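*Asks:* the following comprises the amino acid sequence and a computationally predicted model.
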Amino acid sequence: MANLTKLVLVIPEYHVSNFETAFQDISLVLPNVKTLIVGPYSDFVIPMTPNVETVATNGWVWMHSQRTGLDREHTMRFIEAVGKVKSVKRLEVMERWSEPLVKGISENSPTCDLY
């Protein structure tokens, strides 16, 4: 997978925990990924892409996730995970923005271009 530069990881919400466990069990690291698109609750893959430059959610599916109700916890976890990867230059998120989520962006990803 040395040539993998773009990863789209969109998993049905009810299967995410299985993938998270499997990926962590093999200590997966994808250093050449520059673009990462994830579905709801798949923020676990962000630290596995230490040189990623563009991180995005998968749009409509992200906004309409239902696993934990309407609290948007998965978006805050996503924002916090992105904030820990210093190589991120561009962040694309389709979301129902609230004050806590906007605050999370400003605190965790201040150097990103937000789209």
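*Replies:* Received the coordinates, thanks. These numbers come from a predicted model, not from an experiment.

*Asks:* need the strands for this structure, in chain order.
*Replies:* In the chain, the strands defined using DSSP state E lie at 6-9, 35-38, 54-57, 90-92, 113-114.

*Asks:* tell me the pLDDT at the residue nearest the centre of the chain?
*Replies:* Taking CA atoms, centre = their mean, the centroid of the chain lies closest to residue 43, which sits 4.1 Å from it. pLDDT recorded at residue 43 is 92.

*Asks:* who touches it in this structure?
*Replies:* By CB atoms under 8 Å, 6 or more residues apart in numbering, the contact list for residue 43 reads 74, 77, 78, 80, 81. For the C-beta atoms, the positions are set from N, CA and C on the backbone; glycine is no exception.

*Asks:* shaky segments in the protein?
*Replies:* 1, 66-71, 109-115 (pLDDT under 70).

*Asks:* one more pass at 90, please.
*Replies:* 1-3, 12-14, 23-25, 27-28, 58-80, 83, 91-115 (pLDDT under 90).

*Asks:* how about the helices of it, start to end?
*Replies:* Taking DSSP state H as the test, the helices found in the chain are 16-25, 60-63, 73-83, 99-108.

*Asks:* what's the most buried one of the ones you listed?
*Replies:* Highest mean neighbour count among these (mean count of other CB atoms under 10 Å): helix 73-83, with a mean of 20.

*Asks:* and it, what does it pack against?
*Replies:* Packing partners of helix 73-83 (3 or more CB pairs under 8 Å, 6 or more residues apart in numbering; DSSP states H and E): strand 54-57, helix 99-108.

*Asks:* perfect, I'm done here.
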